[in-house]
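Participant: Here is the input, now give the coordinates:
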Amino acid sequence: MALTLYLHPLSSFCHKALIALYENDTPFTPHIVDLGDPISFGAFKKIWPVGKFPVLHDAARDRLVPESTSIIEYLSRHYPGRIKLVPDDAELAAAVREADRFYDLNVHVPMQKVITDRLRPEGKNDTFGVEQARTLLQTALTLAEKNMASRPFAAGDQFTMADCAAAPTLFYTDMAIAPLAGAYPHLAAYLGRLKEQPSYARVLKEAEPFLHWVPREKM
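Facilitator: Just a heads-up that it's a prediction; the model follows:
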């Protein structure tokens, strides 16, 4: 099989890439990297020294593609399927990319900051950084709530790369930071639609055995 995806089962950015692969039934080999095993993680860092997930290797083209957005764009060009995750129309594609970057930079990144800070050793927490992340996250969710009041998906009427980006970050925000339903009912309904998407339902089912490792908000 030409494609190999290096991933961690809890990584939200890996979930984003997996959604794209499953959405078009793209054949690939998943390679789970064990962060707790120095040999497994060391072998991955020899492939990609940055050490971040996901990374796609295409043996047929001898290409290594890091980062979830780049992976989805690469799949759209070289392994297109029935679902156009990046539309052919230039204006629609621009809207998809704009929404993709919005969710990654303004929702995904601060969400990860809040959750991963809980995993830091005692006395090594970044309280100020987490406060900043929470403020950005709240601002971004407010904007997204307004947008989702008038559309079924992140960039309009069709499921696209932007929804691949939105699904995991909204899921983890809802599960581990604060439920969306109270303050963001349109986003909560949108997340419900995303969970019904077969590709994302499959991702969540595969992640389920590991989700208990995600640190929740202390009540």
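
Participant: Please go through the protein and pick out the longest helix.
Facilitator: helix 127-147 (DSSP state H).

Participant: where does this protein dip in pLDDT?
Facilitator: Across the chain, the ranges flagged by pLDDT under 70 are 1, 219.

Participant: how's it carved up into domains?
Facilitator: Following automatic domain parsing, the chain resolves into domains at 3-78, 90-213.

Participant: need these in TSV with mean neighbour count, can you?
Facilitator: From N, CA and C alone the C-beta is placed, and that goes for glycine too. TSV is the format used below for these (neighbours: other CB atoms under 10 Å):
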stretch	mean neighbour count
domain 3-78	18
domain 90-213	17
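
Participant: Include distance to K84 when you put the ones you listed into CSV, please.
Facilitator: Shown next, in CSV, are the domains of the chain (distance: least, CB to CB, whole Å):
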stretch, distance to K84
domain 3-78, 7
domain 90-213, 8
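
Participant: Next, the nearest residue to Q197 once chain neighbours are set aside: secondary structure please.
Facilitator: Leaving aside its sequence neighbours, Q197 sits nearest to F159 (CB to CB, 6 or more residues apart in numbering; 6.5 Å). For F159, the assignment made with DSSP: H, G, I helix; E, B strand; the rest coil gives coil.

Participant: Does F159 touch E23 like I think?
Facilitator: Yes. Applying CB atoms under 8 Å, one finds F159 in contact with E23, separated by 7.3 Å.

Participant: Mutual contacts of these two, please.
Facilitator: Counting by CB atoms under 8 Å, 6 or more residues apart in numbering, the shared contacts of F159 and E23 are 83, 85, 197.

Participant: picking up where we left off before, could you list the residues in contact with the longest helix of the chain?
Facilitator: For helix 127-147, contacts defined as CB under 8 Å, 6+ apart pick out 102-103, 106-107, 109-111, 113-114, 117, 154, 166, 173, 177, 180, 183-187.

Participant: What is the next helix or strand after it packed up against?
Facilitator: Under the assignment DSSP states H and E, the closest C-terminal helix or strand after helix 127-147 is helix 161-176. Helices and strands in packing contact with helix 161-176 are listed as helix 12-23, helix 68-78, helix 90-102, helix 109-117, helix 127-147, helix 185-196, helix 198-207; criterion 3 or more CB pairs under 8 Å, 6 or more residues apart in numbering; DSSP states H and E.

Participant: got TSV for those helices, with distance to I32 too?
Facilitator: As requested, the helices and strands packed on helix 161-176 are exported to TSV (distance: least, CB to CB, whole Å):
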stretch	distance to I32
helix 12-23	9
helix 68-78	16
helix 90-102	25
helix 109-117	19
helix 127-147	28
helix 185-196	23
helix 198-207	10
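
Participant: coming back round to it: how far away is the residue nearest to Q197 from R120?
Facilitator: When distance is defined by CB to CB, to the nearest Å, F159 is 36 Å away from R120.

Participant: How about M175?
Facilitator: Remark: distance between M175 and R120 (CB to CB) = 20 Å.

Participant: Could you do F171 as well?
Facilitator: Applying CB to CB to F171 and R120 gives a distance of 23 Å.

Participant: got it, and L92?
Facilitator: From L92 across to R120, the span is 41 Å (CB to CB).
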